[in-house]
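[1] just to be clear, the model below is a prediction. Sequence and coordinates:
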Amino acid sequence: MAQSDQSADWQPELEELAFRRRQSELLGGDDAVRKHHEQGRLTIRERIGGLVDAGSFQEVGRLTGQGRYEGAALVGVTPAPYVMGLARIDERPVALGGEDFTVRGGTSWSGDRKKGGQGGFVEDLAHQYRIPLVNLIDGSGGSVTSIQRRGHSVFPGVHGFERSVQLMGEVPVVCAVMGTAAGGPAGRAILSHWSVMVRDTSQVFAAGPPVVERSLGQKITKEELGGHKLAVDVAGTIDNVAASEQQCFEMIRRYLSYMPANVWELPPVVSSGDPADRCEDALRGIVPRNRRQPYDMRKLIGLVVDRDSAFEIQPSFGRAVITCLARMNGKTVGIVANNPAIYGGAIDVKAARKQTHFVELCDTFHIPLVFLVDVPGFMVGKDAEAAATLREGMRSVYVGLQASVPIFTVVIRKCYGMAGMGATDKNGLDLKIAWPSAEWGSLPIEGGVAAAFRREIAQAPDPRAREQQLEEELRAAASPFRTAEAFGVEEIIDPRETRQYLCRFIDAAQARLRTTVGPKARYGVRP
Amino acid sequence: MATYEAKSEVTGSVWKIVTEVGQKLEPGDTLMIIESMKMEIPVIAEDGGIVAEFRVSEGVPVTEGQVVAVMEG
């Protein structure tokens, strides 16, 4: 049979498709884009371009928006205020998206299916394909104007956080606050494994200055209410701050480089080029003999882990504890180190909260934990008690004791009390190695002597001299070598051997880690 | 001349002031030592400069973030 001479020419439709695609590139129009740039902010398409591997963005939902027609003829399309899709970061797939602030300030949009935010397609993409999710947040969530548009008020949770919560146990979730985030988008930022905001050009709060003024009569700027000084340094609402949007993208790429694609995999192993048996002489003298003098724990970490591999999480919050992702012999590890320069390393409420989150993060993604311990205990004093240090501290101990990932304990100096116990692997090998500078017990000798020998000290002719004598006697018996004799601590090492020792055990733990991938069940009730 | 404030990183008490008004310091030099949780926590003159004024004296309690000295850069 002869072929029809009527060719299948879809030229008009293809031209319309090309036109609609061009419209999506215009975002909210030249004026809106210019205003956005003037505020020091990039557009969502520039953000995606700056973050992902060049040319790797495959958009989904590019035609979404509000068509403008003259009669039946299309004259333009105002894009939906959310851009998302699939891309690659360091050649690994990710789902990512973000609000387009140039279209109605990135407020929610009434399509048949939500593109982003909680319950959006981009979350389904991350869930179904088990790939990391990156949210570039720049929106204020709901508006009372939607009541006029819909003719009714929407019940909270119609677009709920169910999927967002589910993702927390499945794939790495990164939220970057790129502009002013309030309401739902601000809440969405918190439901992440790691969050970051941009200095001076981003703010985050449950509700912005107009609502605060109406509710409480407080006049406050949005920077005072939700800028990085409050949200990152004081509150720990957001984990890290970036100096610019460009640095923010670099930090996101860096964070994801430590992470597996999902909890059914192990984190990637890289070739570090740093010998596992590297010995650093500087470690030998890093801890002062004067027990009252602090030292630079960050420098210590840098000498032990693979060169330049440490990425600190929450560096300005809960500073009595330092938490970093790092690598040892190319394998991702989580470092939890007490900071003797901040309250002698005593765990306060903020440090405990930070440690709790970090330990759970590492446990979820099968990242072995290394505790570098110099902790005199929980923070003491009326302020600390009023802040519920004991409760938050025990919560961090509880989460540590639920963790099933291998934990390695290196006692650098002090390891006391419940906080010290929370730095050990009670569910696993319970491997504890120590430096010769180490000391431990249920509580530090200084305060302990004063409490336990109170009557004897009071009755002595020279109470102060008797207290010091008792302290010296007990300190001699508390030598770490005596505990090592009893195998109460598994090894005392030369500080220069720390890296080599840890690398051996982290390498050996890989076989076990491969057998325990998958979601981690959480049970019980956190105190 | 630009000035900046040196702050205590911790709550505690001033144990020793190891510098004097008018003294020139290099960046990172110790201005004074705060005793906190039985530790000696230094207050650092991050940018160096000349010690213009002390806002505290030895033995007095200080709170986290309190200005303890003013430096002229």
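    Now that the structure is in, tell me what you want to look at.

[2] what sits against residue A:408?
    Neighbouring residues of residue A:408 by CB atoms under 8 Å, 6 or more residues apart in numbering or on different chains: A:368-371, A:425, A:431, A:433, A:502, A:505-506. Where C-beta positions appear, they are placed from N, C-alpha and C, glycine not excepted.

[3] looking at the residues you listed, which one is closest to residue A:417?
    For these, the minimum distance to residue A:417 (CB to CB) is 14.4 Å, reached by residue A:371.

[4] confidence score at that closest one?
    At residue A:371, the predicted lDDT confidence score is 98.

[5] now the residue lying closest to residue A:497 once chain neighbours are set aside, what's its secondary structure?
    Distance criterion CB to CB, 6 or more residues apart in numbering or on different chains; nearest residue to residue A:497, sequence neighbours excluded, is residue A:279 at 6.9 Å. At residue A:279 the chain is in coil, as set by DSSP: H, G, I helix; E, B strand; the rest coil.

[6] now stretch A:33-46: buried residues?
    Across stretch A:33-46, burial judged by 16 or more other CB atoms under 10 Å in any protein chain shown covers A:33, A:36, A:41-45.

[7] what's that stretch in contact with?
    A:25, A:27-28, A:50, A:82-83, A:98-102, A:136, A:138, A:178-179, A:200-201, A:245.

[8] of those residues, which belong to helices?
    In this view, the contacts of stretch A:33-46 that belong to helices under DSSP state H are A:25, A:50, A:245.

[9] ChimeraX command to pick out the buried ones of those?
    Buried members of the ones in helices among the contacts of stretch A:33-46 can be picked out in ChimeraX with the line below, counting by 16+ other CB under 10 Å:
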select /A:245
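
[10] need the ones in helices among the contacts of stretch A:33-46 in a markdown table (columns: distance to residue A:494 and pLDDT).
    Listed next are the ones in helices among the contacts of stretch A:33-46 as a markdown table, based on distance: CB to CB, whole Å; pLDDT from 0 to 100:
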| residue | distance to residue A:494 | pLDDT |
| --- | --- | --- |
| A:25 | 61 | 95 |
| A:50 | 46 | 98 |
| A:245 | 45 | 98 |
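
[11] show me where chain B has its helices.
    Under DSSP H, chain B gives no helices.

[12] who in it is up against chain A?
    B:9-11, B:36-42 (CB under 8 Å from any CB of the partner chain).

[13] which one of these is nearest to residue A:223?
    Closest to residue A:223, out of all of the residues of chain B next to chain A and judged by CB to CB, is residue B:9, at 23.7 Å.

[14] on that earlier part again, now the residues of chain B next to chain A: which count as buried?
    B:9-11, B:36-37, B:39-42.

[15] how about those residues in JSON lines, adding pLDDT?
    As requested, those are exported to JSON lines (pLDDT from 0 to 100):
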{"residue": "B:9", "pLDDT": "88"}
{"residue": "B:10", "pLDDT": "88"}
{"residue": "B:11", "pLDDT": "88"}
{"residue": "B:36", "pLDDT": "88"}
{"residue": "B:37", "pLDDT": "82"}
{"residue": "B:39", "pLDDT": "86"}
{"residue": "B:40", "pLDDT": "88"}
{"residue": "B:41", "pLDDT": "89"}
{"residue": "B:42", "pLDDT": "91"}
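
[16] how much space between the residue nearest to residue A:364 when sequence neighbours are not counted and residue A:431?
    Spatial nearest neighbour of residue A:364, chain neighbours left out: residue A:520 (5.7 Å); criterion: CB to CB, 6+ apart. In this view, residue A:520 and residue A:431 are 21 Å apart by CB to CB, to the nearest Å.
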